[in-house]
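> quick one, what's the 3D model for this:
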Amino acid sequence: MGYADFTNQEKYLKLLRFNSSNDKDEKGLTSIEDYVGRLKEGQKEIYYVIGNSRDSIEVDPHLEIFKNKDLEVLYLYDPIDEFVINSIRKYKDFEFKSVDGTDLNKLNDFKDVEEKKEKVEELSKDDEKHFDSLLARIKDILGDKVTEVRESKRLSNSPSLLVNPDDAMSAQMQKLLRMTNQEVGNQKKIFEINKDHALIRNLLTAFKVNSKDEFITNVVEEMFESALLLEGSLIDPHQLVKNINKLLVDSSEWYIKTKGIKE
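Next up is the predicted model:
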C-alpha cells in the first residue's frame, strides 16, 4: 500500500518506525510518538537527517550541535522517507526539520550537555579582525558557489560545513530529484567556518603573512568540495582529487624537511 493510500496522516505516522540517535545501534527502532514523548522542554521541532547508513550519518558535521545539546535526531536511511516527511510536514503541533536547515537560534535555546574538553585559546582582537578578513577571502575564492561565508556557531569538531538558507531544499532531496532526472537548478548554500579548529587557525596564520597564498586557495577549495562530498552533492570529484594530491605533495615535502630525512 502506497503512502498516498493513507488519508489519516496522524494515524499513519504512528505506524512509522525510524532509527534514532537515541538508539544504541542501527537495529533500534523509534516511533514518532516515542520521539515526541522524549522532547526537551521548549522543543517544538522533530529533527531528522538522511543518510546511507548510521556510520555515515554519525560523522555528519551538522549533527555536532545536536550531540552537544543532547537533542535526539531521527535517522532516515531510505531517500523516499524525506518525500513522506515533507508531504506530512507536522506531527500534531511539532514540525519536522532537517538538521541542515534548522534555525540556529532555536538550537541555542538549549544548553550544552558538557563544556568542550579541550579549551581553545581565544583569538586576540587583532586576530579577530584578521579572521573576518579571512572569511572575506574565502568568499572571494569560492565566488558564487556559496551565498555567504560566516563563522559557525554549530561546529565543535569539524572545520567547516554547508548550511541551507531558510526553507531551501535539503541536499538529500536535491540528490533524489537528480536521480529521477528532475531539474533542481543551482542550490547555493552558506559556508560556515569553525574558527576554533586547528586547520582554520593554521589558515589564519598563513593568511596574516600572505593573504593571497596559493595554499589558502587550495585548502579552501578542498574544504568546500569535501563538504559537498559529505552531503552527497559533489557531482564531479576530479577537482577534489587534484587538490588532495597537491596538498599531499606539499605535506610530504614539509614532513621530510621537518624530520630531517635524507636519501
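
> okay, now the unreliable bits of this protein?
1-10, 114-119, 166-186 (pLDDT under 70).

> got the contact list for the one residue sitting closest to the centre of it?
Note on the chain: the residue nearest the mean C-alpha position is residue 62, at 3.4 Å, using CA atoms, centre = their mean. Residues in contact with residue 62 (CB atoms under 8 Å, 6 or more residues apart in numbering) are 49, 99, 100, 154, 161, 163. Backbone N, C-alpha and C define where each C-beta goes, glycine included.

> and which of the residues you listed is nearest to residue 252?
residue 161 (27.6 Å; CB to CB).

> the closest one should be in a strand, yeah?
Yes - assessed by DSSP: H, G, I helix; E, B strand; the rest coil, residue 161 belongs to a strand.

> was I right to think it contacts residue 189?
No - Residue 161 is beyond contact range of residue 189, at 9.3 Å (criterion: CB atoms under 8 Å).

> identify the bridge partners of the closest residue to residue 27 other than its chain neighbours.
Excluding its sequence neighbours, the residue lying closest to residue 27 (CB to CB, 6 or more residues apart in numbering) is residue 19, at 8.0 Å. Counting by DSSP bridges, residue 19 forms beta bridges with residue 75.

> buried residues in the longest helix that the chain contains?
Counting by DSSP state H, the longest helix found in the chain is helix 238-259. For helix 238-259, the neighbour count (16 or more other CB atoms under 10 Å) marks 240, 243, 246 as buried.

> and of those, the nearest to residue 27?
Among those, and counting by CB to CB, the member closest to residue 27 is residue 240, at 33.7 Å.

> chain center to the longest helix of the chain: distance?
Relative to the chain's own centre, helix 238-259 is displaced by 25 Å; criterion: CA atoms, centre = their mean, to the nearest Å.

> pull the residues that contact it.
The contact list for helix 238-259 (CB under 8 Å, 6+ apart) reads 215, 218, 219, 221, 222, 225, 226, 229, 234, 261.

> and for residue 261, nearest residue in space, chain neighbours not counted?
Distances taken as CB to CB, 6+ apart place residue 255 nearest to residue 261, at 7.8 Å, with adjacent residues excluded.

> same question for residue 201.
Leaving out its chain neighbours, the residue that sits closest to residue 201 by CB to CB, 6+ apart is residue 195, at 7.7 Å.

> number of nearby residues for the one you found?
Using other CB atoms under 10 Å, residue 195 is surrounded by 21 other residues.

> now the spatially closest residue to residue 226 that is not a sequence neighbour: how far from residue 254?
Spatially, and ignoring its direct neighbours in sequence, residue 226 is nearest to residue 240 (6.9 Å; CB to CB, 6+ apart). Distance, residue 240 to residue 254, by CB to CB, to the nearest Å: 21 Å.

> check residue 52 too.
From residue 52 to residue 254 the distance is 35 Å (CB to CB).

> wasn't residue 147 part of a strand?
Yes - counting by three-state DSSP, residue 147 is part of a strand.

> ok, residue 193 - contacts?
135, 138, 149, 150, 151, 152, 159, 160, 200.

> do the same with residue 154
Applying CB under 8 Å, 6+ apart, we find residue 154 in contact with 62, 64, 65, 104, 107, 161, 163, 192.

> please apply the same query to residue 71.
Residue 71 neighbours (CB under 8 Å, 6+ apart): 40, 43, 47, 107, 110.

> quick one, domains of the chain?
3-107, 125-259 (automatic domain parsing).

> what comes up buried for stretch 70-82?
Within stretch 70-82, the residues scored as buried using 16+ other CB under 10 Å are 71, 72, 73, 74, 75, 76, 79, 81, 82.

> so which of those residues is the closest to residue 92?
residue 74 (15.4 Å).

> residue 47 is in contact with the closest one, correct?
Yes - look at residue 74 against residue 47 with CB under 8 Å: they come within range, at 6.9 Å.
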